[in-house]
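S.K.: model this:
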Amino acid sequence: MSKGKSMQVVVFVLYVVLSVVGVVLVKRGGENPLKLGVGEGRVALTFGYITLLGLLCYICSFLIYTSLIARYELNYIVPLSTGGIYLLTYAAAIGIFHEKTSAIRIIGSIVILAGIVMVSWKN
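M.R.: So this is what the prediction gives:
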């Protein structure tokens, strides 16, 4: 793999990881409810540093994503990234948050993985 190709893969993986870490941190931070208050003519929104870190990850992933969609065909990069983000988020939901799963969701994830393989397959 060439140096340029390696860098493209690193940027793509960074995008996917930042997206998944962002959603995990926002969910973890959301376990403590946000405080919204109105007083003395001001609106105050308070949330924890975990949520803030998750939002920062989202912002960084969005900036990377804009670069990716500018460089690659949409019908290639969108399914690849969306599928990868879904699969890693699904794994995090089960592994970190102990969310329930089902046979149909597992089968659906396998279909998504097969779709990622097909989309990334070179003609």
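S.K.: what's the pLDDT at the residue lying closest to Tyr49 once chain neighbours are set aside?
M.R.: What sits nearest to Tyr49 in space, not counting adjacent residues and going by CB to CB, 6 or more residues apart in numbering, is Gly29, at 7.9 Å. For the C-beta atoms, the positions are set from N, CA and C on the backbone; glycine is no exception. Per-residue pLDDT puts Gly29 at 88.
S.K.: same check, this time on Pro33
M.R.: Reading off the model, Pro33 has pLDDT 62.
S.K.: Please spell out which residues along the stretch of helix or strand Arg28 belongs to are buried.
M.R.: Remark: Arg28 resides in helix 3-29, with elements defined by DSSP states H and E. Applying a neighbour-count criterion of 16 or more other CB atoms under 10 Å, one finds 12, 15-16, 18-29 buried in helix 3-29.
S.K.: Identify, from those, the entry nearest to Val43.
M.R.: Looking at the buried residues of helix 3-29 and their distance to Val43, the nearest is Gly29, at 19.8 Å (CB to CB).
S.K.: I'd assumed Thr46 was in contact with the closest one.
M.R.: No: using CB atoms under 8 Å as the test, Gly29 is too far from Thr46 to be in contact (11.5 Å).
S.K.: hmm, back to that, show me what the helix holding Arg28 is packed up against.
M.R.: Judged by 3 or more CB pairs under 8 Å, 6 or more residues apart in numbering; DSSP states H and E, the packing partners of helix 3-29 are helix 49-71, helix 74-95.
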